[in-house]
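K.L.:
next one to model:
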Amino acid sequence: WHVGSVTVHQHRAEYEQQVQKNLATLRERYKKLRLLVAMPNYGVENVEYLVQVVNEFCSLEKYEVKIAIHSNVPMTFGCEQVTVQFHEKATKGDWINLAWECRKTIYENRDAYDLFLYNENDQLITERNIDAFVRVSEVLPEDKIAGFIRYENHEGQRFYPDFHRKYIWKPNSFRVDEFT
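P.N.:
Sure, this is the predicted structure:
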C-alpha cells in the first residue's frame, strides 16, 4: 500500500505502538478509583440507617469500594465489600474509640486506596456526591481541599451540626458551588 510517497507498512509498527500507548493511558485514566469507607457503629439505634448507607455504598458502579465498619454489635451484610470489626468491649462511655479505630483503618490502608471516607452510620453519601468531590478535587488550587458540609433537616430548618459546636469556623474558609 502506498499513500502518496509514504509506505503504510513502514509505519504500522509505530502506529500499533501508539495505539497501545493510548489504550494504556485510557485504561489508567478511566480505571475505577479505589474507595475505602470507614464507619463506626455503636448500638442498634441507627441500624436501619446503617443498612441504607451500606447498600448505597455497595451499589456504587464507578468505584471499587471497601466498607470497614467498627461496631460493638455483631452484624453481617449481604454485600461482599463489607467487613465488620466487632469490638465487644466498646461501651457507652468509650464509644468514641470506635471512631478512632476508623482512623486507624484508614491509616493502615493509606497506600491501598485512592479515596478515603470517614462516614457516620446515618449519613447517606451517594455516587453523585463522590463524583462531585472527585471533579472538584481535580480543579481546586493546590492550597484548597474538597470536602462535604454535613447538615440535618429538622422541622423545616437546616442545621449544620459541625458549625454549631465548639469549633471556630472562618466564614470565608469554605464555599458552596454548583458541584454540590
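
K.L.:
contacts only, for the nearest residue to residue 60 once chain neighbours are set aside.
P.N.:
Excluding the flanking residues, the one nearest residue 60 by Cβ to Cβ, 6 or more residues apart in numbering is residue 127, at 5.0 Å. (Each C-beta comes from the backbone N, C-alpha and C, glycine too.) The neighbourhood of residue 127, defined by Cβ atoms under 8 Å, 6 or more residues apart in numbering, consists of 56, 59, 60, 61, 62, 63.

K.L.:
again with residue 110
P.N.:
So residue 110 contacts residue 116 (Cβ under 8 Å, 6+ apart).

K.L.:
wait, isn't residue 106 in contact with residue 38?
P.N.:
Yes - applying Cβ atoms under 8 Å as the test, residue 106 and residue 38 come out as touching, 5.4 Å apart.

K.L.:
tell me the one of the contacts of residue 127 nearest residue 160?
P.N.:
Sorting the contacts of residue 127 by how near they are to residue 160, with Cβ to Cβ, puts residue 56 at the top with 22.0 Å.

K.L.:
got a list of contacts for the host helix or strand of that closest one?
P.N.:
Per DSSP states H and E: residue 56 is located in helix 47-58. Applying Cβ under 8 Å, 6+ apart, the external contacts of helix 47-58 come out as 37, 39, 41, 65, 67, 69, 73, 75, 77, 79, 81-82, 119, 121-127.

K.L.:
ok so, going back, farthest-separated two in the contacts of residue 127?
P.N.:
Spanning the widest gap among these are 56 and 62, at 13.2 Å by Cβ to Cβ.

K.L.:
quick one: the helices in the protein?
P.N.:
8-29, 47-58, 96-108, 127-139 (DSSP state H).

K.L.:
centre of the chain to the second one, how far?
P.N.:
Read it as helix 47-58. Helix 47-58 has its C-alpha centroid displaced from the chain centroid by 14 Å (Cα atoms, centre = their mean, to the nearest Å).

K.L.:
oh, and call the first residue 22 from now on, that's how I've got it
P.N.:
In the new count, where the first residue is 22, that last one comes out as helix 68-79.

K.L.:
pLDDT (mean, whole number) over it?
P.N.:
In this model, helix 68-79 has an average pLDDT of 94.

K.L.:
count of neighbours near residue 58?
P.N.:
Burial measure for residue 58: 27 neighbouring residues, criterion other Cβ atoms under 10 Å.

K.L.:
could you report the pLDDT at it?
P.N.:
pLDDT at residue 58 comes out at 97.

K.L.:
then residue 65?
P.N.:
Looking at residue 65, its pLDDT reads 89.

K.L.:
and residue 48, by the same measure?
P.N.:
On pLDDT, residue 48 comes in at 56.

K.L.:
hang on, the earlier thing: weakest of the helices of the chain by average pLDDT?
P.N.:
helix 29-50 (a mean of 60).
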